[in-house]
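In: no sequence on this one, just coordinates:
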């Protein structure tokens with residue numbers, strides 16, 4: 001795989017030509033045609049799968065077979081999402097999805113899995129500041145050091161999906177995200193509040209700001225000292241102002257102001 005990537009740097013079109021072959025290799029992996037020595041945590045050759053996805057992200061052609069491959073992989077990940085390596089595959093699928101924009105069908109499959117990562121049981125671990133989180137999830141398995149929270153990965157991926165596709169949040173999705181304000185880790189609560197701000201629109205901002213959970217669990221949990229409480233109150237005020245604004249143009253301006261906090 002490394003040789004293919006090096007060759008790609010000298011000849012950018014080579015990956016477009018190799019796309020059908022890469023998809024074919026991945027299908028053999030999905031069908032478990034490789035020896036059992038390649039199986040890890042119930043997954044067949046997960047690192048090879050990840051390498052294939054990374055190569056496909058450099059392909060210039062937006063081949064529909066890539067979208068189909070994403071669907072098959074995401075479908076298989078549903079059964080074993082409790083494992084962090086499976087979560088890493090979901091991360092890679094989402095990143096490849098963002099490069100290929102493979103349509104609403106794949107997106108609809110990805111969103112429930114990403115939201116499911118928010119409720120992952122793996123919590124006694126070290127958090128990372130930003131994307132790409134998938135690479136750090138893989139480091140966890142290869143070197144058995146510096147483990148990364150799968151929940152935080154889900155939160156970061158959801159933020160990227162919402163910013164890339166400009167998706168409106170349903171009430172159920174808002175509720176899923178707001179449950180993060182009850183998380184025992186301070187940095188996770190902060191990230192949850194940031195996501196709520198970045199996803200705010202005229203219709204959703206009023207709903208979010210009026211939730212008792214945000215006032216009680218969000219601000220009181222974030223307010224571990226006076227400075228943090230002040231910042232939390234300022235953020236909540238911005239969300240409320242956004243909800244009162246009737247024009248989309250004004251909403252986007254205030255949305256940008258929130259992100260600068």
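Out: Thanks, I have it. If you're wondering where the values come from, they're calculated on a predicted model, not measured in any experiment. Numbers count the residues shown, from 1 in each chain.
In: Okay, domains of this protein per the record?
Out: According to automatic domain parsing, the chain is divided into the following domains: 1-167, 170-261.
In: Stretch 190-200: which residues count as buried?
Out: Buried residues in stretch 190-200, counted by 16 or more other C-beta atoms under 10 Å: 190-197, 199-200. Placement of C-beta: from N, CA and C, glycine included.
In: and these, which of them are in helices?
Out: The helices in this structure, assigned by DSSP state H, contain 190-197 from the buried residues of stretch 190-200.
In: Averaging pLDDT over each of the domains of the chain, report the lowest-scoring one.
Out: Set side by side, these give their lowest mean pLDDT on domain 170-261, at a mean of 57.
In: Residue 192 reaches residue 178, doesn't it?
Out: Yes - when contacts are counted by C-beta atoms under 8 Å, residue 192 is listed as touching residue 178 (7.3 Å).
In: Report all helices and strands that whatever helix or strand residue 26 lives in contacts.
Out: Using DSSP states H and E, residue 26 falls within helix 14-30. Where contact means 3 or more C-beta pairs under 8 Å, 6 or more residues apart in numbering; DSSP states H and E, helix 14-30 is packed against helix 2-10, helix 46-56, helix 64-77.
In: what does the helix or strand following it rub up against?
Out: Tracing the chain past helix 14-30, the next element assigned as helix or strand by DSSP H and E is strand 39-40. Outside strand 39-40, the residues within contact range by C-beta atoms under 8 Å, 6 or more residues apart in numbering are 45-47, 85, 141.
In: got these as TSV, with distance to residue 23 and neighbour count columns?
Out: Rendered in TSV, the data for the contacts of strand 39-40 read as follows (distance: C-beta to C-beta, whole Å; neighbours: other C-beta atoms under 10 Å):
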residue	distance to residue 23	neighbour count
45	15	21
46	17	22
47	17	16
85	21	19
141	24	16
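In: Pick the one among those closest to residue 115.
Out: Closest approach between those and residue 115, by C-beta to C-beta: residue 85, at 19.3 Å.
In: Residue 41 is in contact with that closest one, correct?
Out: Yes - counting by C-beta under 8 Å, residue 85 touches residue 41, with 5.2 Å between them.
In: List the buried residues of the helix or strand harbouring residue 114.
Out: Element membership of residue 114 [criterion: DSSP H and E] is helix 104-117. Taking 16+ other C-beta under 10 Å as the basis for neighbour counts, the residues of helix 104-117 that come out buried are 106-107, 109-111, 113-117.
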